[in-house]
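Peer 1: Give me coordinates for this.
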Amino acid sequence: MMITKNIAHSLQDALYVTSLDGYCPDLFVGGRPDRRPDNSNDIWESSVELIYRCLKSDLLHVDSGWIKAMEFGDFNFFVKKLAQHDPFDFADFNENGATYWLDPLLYATERSKVLLSRYHINDLGKYLCSNFIAEIEDIFLENNVPWGRNFVFNSYR
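Peer 2: As a prediction, this is how the structure comes out:
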């Protein structure tokens, strides 16, 4: 497994939660803490990269009505905005960032739901299914977004 265990666990939980209903991208950074975490830049970067990979690999989709209302055309503009707005910079978040981190909803695609079912993932945080993550890593590779390098974060900052 190339994805670290804590990122893999977050990914597994995020795909499960978004299979139940839409959820904002803030899910990937762990919500709104009272203070900036010491590793906030790492959390921000890995969250943006993970969201991009999931969108590019048809594991997630962004609410199309929101994308249309924002006049983005596709998810690439959305991901660019996530990379430009630090979710832990409270001043920016309150002024601009909340529009991108809280307003849109992400939904698991049918592809994600099939994977979740295949690996019997039907709860949060119980266990990390390494076979599930291995298959997702393969899906990322098939979609030319393998784990281990940045595709978005450095391009848009």
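
Peer 1: For this structure, give me the ranges with low pLDDT.
Peer 2: Where the chain drops to pLDDT under 70, the residues are 32, 155-157.

Peer 1: at 90 what do you get?
Peer 2: 1, 30-41, 73-74, 90-96, 124-126, 148-150, 153-157 (pLDDT under 90).

Peer 1: Tell me the secondary structure at the residue nearest the centre of the chain.
Peer 2: Centroid-nearest residue in the chain: residue 51, 2.9 Å away (criterion: CA atoms, centre = their mean). Each residue gets one of three states, and residue 51 gets helix by DSSP: H, G, I helix; E, B strand; the rest coil.

Peer 1: how near is it to residue 117?
Peer 2: Distance, residue 51 to residue 117, by CB to CB, to the nearest Å: 22 Å. (C-beta placed from N, C-alpha, C; glycine too.)

Peer 1: Likewise for residue 94?
Peer 2: 39 Å.

Peer 1: Then residue 13?
Peer 2: Applying CB to CB, the value for residue 13 to residue 117 is 16 Å.

Peer 1: list the contacts for the residue nearest to the centre of the chain?
Peer 2: Neighbour list for residue 51: 25, 28, 60, 79, 82, 106 [criterion: CB atoms under 8 Å, 6 or more residues apart in numbering].

Peer 1: So if I had to pick from residue 13 and residue 117, which one is more boxed in?
Peer 2: Neighbour totals were compared for residue 13 and residue 117, and residue 13 leads with 18 against 11 (other CB atoms under 10 Å).

Peer 1: Distance from the chain centre to the helix or strand encompassing residue 141, please.
Peer 2: Taking DSSP states H and E as the definition, one finds residue 141 inside helix 130-142. Helix 130-142 sits 15 Å away from the centroid of its parent chain (CA atoms, centre = their mean, to the nearest Å).
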